[in-house]
Every structure is written in structure tokens, then in C-alpha cells.
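S.K.: Structure, please.
(2 chains)
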Amino acid sequence: MRANSARLPSFRLAAVPQMLEGGVECGPLLETSRDAVLLSVPGVARFLARRDGPVLVETAPGAADDDLLCFLHGPVAAAWALLRGQVVLQAASVAIRGRAVALAGPSGAGKSAVAAALALRGHPALADAVTTVSVGSRWEVAPLAPEPVLWPDVAEGLALSERLGRPLRPALSARAYRLAPAARPAPLSLVVVLRVDPLARHASTVSIEGGAKVERLLKAGWHRGLLAPLGRVDDYVAAVTRLAAVVSVVELRRPPRGAAPAALAERVENLAR
Amino acid sequence: VTAGTVWLASYPKSGNTWLRAVLSAWLCDGPVDLARLVGQPIASSRAAFDSVIGMPSSRLTPGEIAVLRPRVDEAVAVAGHTRVRKVHDSYAAGPAGEPVVSTAVTHGAIYVVRDPRDVAVSYARARSWPLESAVAHLGDPRAEVASSPDRLHEQLPQRLGTWSAHVRSWTDETPFPVDVVRYEDFVAAPVETFGRALRFAGFDGGNDGRLRRAIAHASFDRLQADERARGFTERHPGEASFFRRGRPGAWRDELPSELAARIERDHGDVMARFGYG
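M.R.: Numbers count the residues shown, from 1 in each chain, chains lettered A, B, ... in the order given. From the prediction side, this is the model:
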């Protein structure tokens, strides 16, 4: 499979079919075949990402440009990168001394908050929701919609004025913040899996080793349900197994309250040393 | 065993977790592990939603999420199996006109109702709210959980409405069968009441010995001791203890009479229907 590290899919407004020929449903919004992924967001648009050519977008009446870009730079870009043979993580990423550090974890784990705190410490952001990794010898993370998306409570905690942020979507109060100069593509060296542990009293780190590393990297992957219909299970697992040999994986566990993003950022900085 | 989703439904702080604990103990015929109570993922689980949808729900509007939730229930249901899931939302139809849970995969619901005066006290303690705020919340038609727009909540937004409307939505408006149980009956007649709930859910509740052991394993004192020793991940951040008191009628020594009177005024009809005089 071809490895292609182009950063963002180009797109074209066009009619997009309601259904994908030969496609299988991957949840209520996605349909996938070997060569294409169709994302239908009612009230926003239908997006057709293909292995070759630009993404086709058919917008719904009333959808704002920001609505379109939010999906185009998120789930559509993730699908596009999977179609092009890359490893895709549900993670934010920053560049620390020229090397990419991915911050993985579920929604609410604090990925964007820690990425923002790292950006404020001078480490440029590479990605916010979707981290794409080229498969090959460099395992390069290319910049993709890198501005950390922060909810007002997190922005306030980081002393960021909301005027600095661009609204993500008109109906949401989350904003995207450009906090550092744009990063250049950087090889992935560290994956920090953020985890909120309701029973933890303090933040702590655990280094993940051996086979568990592959498992964690697979778990950090973007919507694994897409891999089978894309025919990518074998090559994806093989790629992640090779990736596990060259990156460190660390779990950063923290209590639900009382672990400031700045303190977690300092820990990540130390881990990246 | 009956196939389909059986919802363990209730207004918050009404005994849902206790029912889950008894059911958990019964299923394994052993002690309760608070970290592995049956009923997960809760209907409003953000993690379950995200993994089915294939993208972070943090990028979706509350309206988009509401429309998709029944579709997520359908994906989470396992064909041919009973799936027991907790839910706190009102059953009432959302903005898109569809009820909050998928009718297509639902076998039925066990709805736990509790004296709203006790609910108000428990709610106030759990959230560190003044009692007045909890009483107002029970009477607020727009009451929601995890819905403030200025932050990303661990769970998806849930509409509660008033306590009365919540009870009515689950006891009068569903197209599927609902076993309505009073929290107070769980306390007064546990074997009969839990046994009936088990049979309703499609589990064979016939063996009284097993049920008695489950009830003992899930006694309030044991759950409280377990929480003290090992913690409880479902506790609200800032909540001192989830299993606090649990005794029916505790409102009599914790709720000022004017607040009790307000609840009786707001919810008198539904209270009378369930014998909360």
C-alpha cells in the first residue's frame, strides 16, 4: 500500500451519493468500502473520501463553513489517511525538540488541554483530534488542523482569552487556539496515553512495554471499525507492530480533578527527554 | 433469558445503583465488585457513543447527539441476548420527536421510583448543592444533567425535566412493558421486589436462596464499606460518599418543612399515585 504524507485532503463541492456501492455500515454516520468512506452528517454535509482524488462534499442547506471544516479536518481527514495507508491515532500531537509526541486517550481525557499547555511552553502543535502517521522508516506526523480545541472552562484555566480562539462550530462554545508557530512534520517518538482514573489521588506514569505496547497503540487508533471494511486489518496491525518497536508508550493517569494541564505538560516534557 | 435491552431507569438518586448491585450479585452468585456493576454502558455514555459513531462526540451539537443516541443503542444491543443498561434520561421525546432510547431493541424497563423528598436530600448531598437548589431542580421542566455548554462533560447531555414528568414518561408513555418498583419496597420487602424485577428482566428469580444471598451481598452497609475501602468510580467528583444513608423517610430529619411542602405542592399528584403521603 502506498504511503503518502500529504497533510490535508483537498476537497471539491459535488453531488455525493446517499449510499456507497459495495459499502458496509460502520455505525450510523459512516459507510465504507475498500476504496472509499462516506460520512453523512445530517444538517451539515455528506463527505466522500476516496483513495484517489479530492474529497467530494455535498453540503446541507444552512451548514456553515466552520461546520464543514470541523468534519473535513477531523473524521474525514482520518478516513482519508486510512485510505492512503497511514496509521491514524485519536490523539493530539505536539513537536518537542523536533520530535512528535502524541497525546492519546478518549474524549475528556485532556488531550487538547495538555497540548495547549505544551504549546504555551513553546512546543508547536501538530494535531488536535487526528494524528496521522506515515508508514515507513520515518513514522512522520504531518501537521493537521493543529490548533488545540478548548472548552471555555479549560481555556479559562490556562488564562487564555476567548478572543484568541476561533469558534470551532457556530453551535459549540469550544474554540480552536493558535498558540505557537506552525510545526513542521516530525517523526513520532512518544505516545502518551492520557487516562482519567476516578480512584487516583495523584497523577502518575506507567511505561508500557512489550506486547502491551502494540495493544495500546491499536487501542489509540482512530475508529478501528473502519479497518476491516477497508481491507486494512493485516497491514495496519503489521505497521503498528513495527511502530511499537521505535516509539515509547507511556500511560499518564490522573484524578478527575486537581491535575492542572500545565503540570501534566511538564510531565510530558520530562517524558520526552 | 429474554432478548433485547432491559433499561434500569430512574431519576438520579433513586436506588438505580442498588438495583444494579443486587442484580450483579445475583448474576455471579457472589460478592459485589463496585468496579464491575451490571448496567454499563449507561445510556448517556460518551465513550460508548464515540466508539459506535466513529468520531468524538465533542465535535457534535446536543441536537445531533440526541438524534443519534437511539441508533447507538441499536449498535450496542447484542442480537439474541439480554443487555441490561442504566438510564437516567426522561423517556419523553426529544427535539427530533424520537424518545431517548431505541424502541426497536428494547425488551422493557424496570423503573425505580423513590419518594421525591428523599431524592431531593440525596441529590443535594451528592452535588454539594443547597437543599433549595435540589428542590428547585426536581421542579424544573428544563432540568438537565451534563448539559452546561461551557465544558465537555464526561457523559452526554441528559434531559430530566421535572421529577413528576420523569416518572410519568417512564410509567405512562412507553410502548414497551415497564416494571415499576418503589425504592421503599426494595427496602421493606427485598426478596419479593427484587425477585419480581429479576423475573421481569427475563432472569429466573425462582431460587430464593440465591436471591437472599445477592441481597445480603448488596446490603447498604456492605456497599458503603466497599466504597470506603476501595472507592467507587461512579461517584460524582466532590461527592463525599455515594452510599450515604439510604433509609426511606430520612427527609423527615434533613429537609426543612417548607421545602418538603414545596415538593408536595409541585408533585402531589404523582406522589399520591405511589403512596408518598
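S.K.: tell me the pLDDT at the closest residue to B:Leu37 other than its chain neighbours?
M.R.: In space, and not counting its chain neighbours, B:Leu37 is closest to B:Arg20: 4.5 Å by CB to CB, 6 or more residues apart in numbering or on different chains. In short, each C-beta sits where N, CA and C put it, glycine included. Note on B:Arg20: pLDDT of 96.
S.K.: Over to B:Arg20: give its phi and psi.
M.R.: Backbone geometry at B:Arg20, expressed as degrees, to the nearest 10, gives phi -60, psi -40.
S.K.: What's the local residue count around it?
M.R.: 22 (other CB atoms under 10 Å in any protein chain shown).
S.K.: One more: the one 3 residues further on?
M.R.: In terms of burial, B:Leu23 registers 25 neighbours under the definition other CB under 10 Å.
S.K.: try the one 4 residues further on
M.R.: Each residue near B:Leu27 was counted by other CB under 10 Å, and the total is 14.
S.K.: quick revisit: and the residue nearest to B:Leu37, how far from B:Asn207?
M.R.: 20 Å (CB to CB, to the nearest Å).
S.K.: Skip the chain neighbours and tell me the closest residue to A:Gly110.
M.R.: A:Leu194 (5.3 Å).
S.K.: which residues does the one you found bridge with?
M.R.: Beta-bridge pairing of A:Leu194 under DSSP bridges involves A:Leu252.
S.K.: right, and the residue nearest to B:Leu37 touches B:Arg36 too?
M.R.: No - applying CB atoms under 8 Å, one finds B:Arg20 not in contact with B:Arg36, separated by 10.3 Å.
S.K.: what residues does the stretch 101-250 of chain A put near chain B?
M.R.: By CB under 8 Å from any CB of the partner chain, the residues of the stretch 101-250 of chain A that approach chain B are A:106-108, A:129, A:149, A:151-154, A:168-169, A:171-174, A:196, A:198-199, A:223, A:225-226.
S.K.: So for stretch B:236-246, what gets flagged as buried?
M.R.: Residues of stretch B:236-246 classed as buried by neighbour count (16 or more other CB atoms under 10 Å in any protein chain shown): B:242-244, B:246.
S.K.: and what of stretch B:113-129?
M.R.: For stretch B:113-129, by 16+ other CB under 10 Å, it's B:113-127.
S.K.: In this structure A:Ala45 contacts A:Leu69, no?
M.R.: No - with contact defined as CB under 8 Å, A:Ala45 does not reach A:Leu69; the gap is 10.5 Å.
S.K.: Which one of the two is surrounded by more residues?
M.R.: More crowded of A:Ala45 and A:Leu69, by other CB under 10 Å: A:Ala45, with 21 against 17.
S.K.: Assumed B:Ser164 was part of a strand.
M.R.: No - the assignment for B:Ser164, made by DSSP: H, G, I helix; E, B strand; the rest coil, is helix rather than a strand.
S.K.: Help me confirm that it comes into contact with B:Asp269.
M.R.: Yes - with contact defined as CB under 8 Å, B:Ser164 counts as touching B:Asp269 (6.9 Å).
S.K.: So for the two, which residue has more residues nearby?
M.R.: Ranked by neighbour count (other CB under 10 Å), B:Ser164 and B:Asp269 place B:Ser164 first, with 20 against 10.
S.K.: so how many other residues sit close to A:Val250?
M.R.: A:Val250: 18 neighbours (other CB under 10 Å).
S.K.: Where does it sit: helix, strand or coil?
M.R.: From three-state DSSP, the assignment for A:Val250 is strand.
S.K.: End to end on stretch B:142-162, go ahead and measure it.
M.R.: By CA to CA, to the nearest Å, the extent of stretch B:142-162 from end to end equals 7 Å.
S.K.: Tell me how far it lies from the chain's centre.
M.R.: 15 Å (CA atoms, centre = their mean, to the nearest Å).
S.K.: so where's chain B uncertain?
M.R.: Within chain B, the set of residues satisfying pLDDT under 70 comprises B:1-2, B:205-206.
S.K.: mind listing the helices for it?
M.R.: B:16-28, B:46-53, B:62-76, B:116-127, B:131-138, B:163-172, B:183-188, B:190-200, B:208-217, B:220-230, B:251-254, B:257-273 (DSSP state H).
S.K.: Tell me which of the ones you listed lies nearest to A:Glu209.
M.R.: A:Glu209 sits nearest to helix B:46-53 of all the helices of chain B, at 25.6 Å, using CB to CB.
S.K.: Sounds good, over and out.
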